[in-house]
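*Asks:* make a model of this:
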Amino acid sequence: MCYKPKTKATRRIFLHQSINHLLAPAFSGQDDQFQRAFAILRSGIQQRAFPGAAVGVVHRGKLIALKGLGRFTYSPDSPDVSAGMIFDLASVTKAFATTTACMILYERGLFKLEQPVFQLLPDFAESSREQDDARHHVTLRMLLSHSSGLPAYIKLFQTAHDEEELLRQALQVPLTTAPGTKAEYSDIGFILLGEALERITGEPLDQFCQREIFAKLNLQQTVFNPLTGRKHLILPTEDDQTFRRRVVQGEVNDENAYVMGGVAAHAGCFSTAENVSIFAHCMLQGGSPLVQPQTVEIFTRRENFPPGSSRTLGWDTPSQPSQSGKYFSSRSYGHLGYTGTSLWIDPDRQLAVTLLTNRTWPDRNSQLIKQIRPAFHDAVVEALDRD
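*Replies:* Modelled structure (predicted):
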């Protein structure tokens with residue numbers, strides 16, 4: 001089903017050569033400290049919540065856990081997962097890449113939160129005479145906070161055959177509620193946000209993110225559209241028997257993003273637990289070297305708009321019951337990915353927990369991660385509190 005990894009020695013070199021100097025590695029005692037947390041993940045593997053997982057825990061400026069568990073698939077001869085393996089981040093892309101790009105452009109005065117979307121994407125307003133007035137009131141802030149009135153998800157890939165056609169259809173998707181009146185998590189909104197960013201920068205989203213985010217943080221294993229030569233390092237996400245009719249490995253799982261060429265604002269980024277942890281450390285350090293602390297504060301505090309929404313500008317916050325568990329503070333922010341990925345950051349505890357899995361293998365059916373993930377986060381915090 002998938003390529004075998006290189007030797008154990010090669011995997012160790014691959015893992016440790018990419019440890020970023022900005023984040024001190026201190027995970028030699030992780031197996032003792034996080035014994036219960038890792039046991040919860042192993043139990044999840046046994047229950048077939050996911051075949052493989054990688055974990056990164058940042059605490060007070062140090063990388064105190066970095067570990068791989070399980071296998072690429074449930075097959076007993078499938079390759080083992082090491083901490084250096086690459087995962088499809090799915091919707092974690094929204095926070096990790098897209099929102100960070102928005103923050104950078106916001107600081108440069110190019111991304112204006114209250115700017116109406118139609119000023120950047122004229123076809124958005126012109127696509128519906130019946131909703132013309134309402135669509136004029138949708139702003140970039142609303143796209144980021146999922147309050148634009150656009151629906152959550154539409155299978156545009158079933159009728160669109162390339163990026164241009166899919167974007168044209170996305171621009172025509174009707175609003176389901178009045179802008180600013182309801183928070184509804186929307187992939188469609190982020191697809192349009194990505195197009196707006198490309199209009200602002202004049203370049204593809206992946207090129208901007210590579211230069212302005214990934215390269216500046218030395219995230220060597222973070223990329224849209226991984227090279228085929230890395231396939232043996234990338235966990236498969238699905239044995240797709242309906243759309244692509246092949247094992248999905250090394251290409252984005254999300255079908256809309258796939259039709260867009262693998263580069264989209266809502267999904268498409270691939271990374272490792274260590275690289276995501278370096279990014280989380282950057283956020284915990286006030287955004288350095290990417291943005292200023294006040295920008296991080298603006299984008300990560302709960303909007304409460306519309307009233308009762310748990311969303312920030314591009315992130316989510318804990319709302320009980322939360323996938324972050326019961327201990328993360330009210331100032332925490334995080335994001336989930338459909339493939340079984342997540343990142344939660346708690347500035348009060350100076351803590352960030354990355355959990356990457358391929359829970360969609362082989363057929364997307366398992367929902368057990370919804371029980372495993374909060375239990376894992378609770379076990380991590382309890383281990384830190386004991387120390």
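*Asks:* okay, CA-based contacts and neighbour counts for the rest of this
*Replies:* Fine.
*Asks:* any idea how far T222 is from T242?
*Replies:* Between T222 and T242 the distance, using C-alpha to C-alpha, to the nearest Å, works out to 28 Å.
*Asks:* same check on G286?
*Replies:* Between G286 and T242 the distance, using C-alpha to C-alpha, works out to 44 Å.
*Asks:* ok, those two, which is more surrounded?
*Replies:* G286 (17 against 7; other C-alpha atoms under 10 Å).
*Asks:* burial count for F243?
*Replies:* 9.
*Asks:* surely it forms part of a strand?
*Replies:* No. The assignment for F243 is coil, going by DSSP: H, G, I helix; E, B strand; the rest coil, so no strand is present there.
*Asks:* any idea how far E255 is from it?
*Replies:* Taking C-alpha to C-alpha as the measure, F243 and E255 are separated by 8 Å.
*Asks:* now swap in A383 and tell me
*Replies:* When C-alpha to C-alpha is applied, the distance between A383 and E255 equals 39 Å.
*Asks:* find the nearest non-adjacent residue to the residue positioned nearest the centre of the chain, please.
*Replies:* Centre of the chain computed as the mean C-alpha position; nearest residue by C-alpha atoms, centre = their mean is V92, 0.8 Å away. Sequence neighbours aside, G337 is the residue nearest to V92 in space, at 5.0 Å (criterion: C-alpha to C-alpha, 6 or more residues apart in numbering).
*Asks:* and that neighbour, how many neighbours?
*Replies:* 19.
*Asks:* and the longest helix anywhere in the chain, what's buried?
*Replies:* The residue-count maximum for a helix in the chain (DSSP state H) belongs to helix 369-386. By neighbour count with 16 or more other C-alpha atoms under 10 Å, helix 369-386 contains the buried residues I369, I372, R373, P374, A375, F376, H377, D378, A379, V380, V381, A383.
*Asks:* can you tell me the element E297 falls in?
*Replies:* According to DSSP states H and E, E297 maps onto helix 293-300.
*Asks:* got it, and C102?
*Replies:* C102 is located in helix 100-107, with elements delineated by DSSP H and E.
*Asks:* tell me which strands and helices that helix is in contact with?
*Replies:* Applying 3 or more C-alpha pairs under 8 Å, 6 or more residues apart in numbering; DSSP states H and E, one finds that helix 100-107 makes contact with helix 293-300.
*Asks:* quick check: buried residues in the helix it packs on?
*Replies:* Using 16+ other C-alpha under 10 Å as the test for burial, helix 293-300 gives V296, F299, T300.
*Asks:* go on, stretch 161-171?
*Replies:* Of the residues in stretch 161-171, those buried by neighbour count under the rule 16+ other C-alpha under 10 Å are E163, E165, L166, L167, Q169, A170, L171.
*Asks:* ok so, going back, so how far is the longest helix of the chain off the chain centroid?
*Replies:* Counting by C-alpha atoms, centre = their mean, to the nearest Å, helix 369-386 is centred 20 Å from the centre of its parent chain.
*Asks:* where does the nearest residue to L336 once chain neighbours are set aside land on pLDDT?
*Replies:* Closest residue to L336 in three dimensions, ignoring its sequence neighbours and counting by C-alpha to C-alpha, 6+ apart: S342, at 4.3 Å. Reported pLDDT at S342 in the predicted model: 98.
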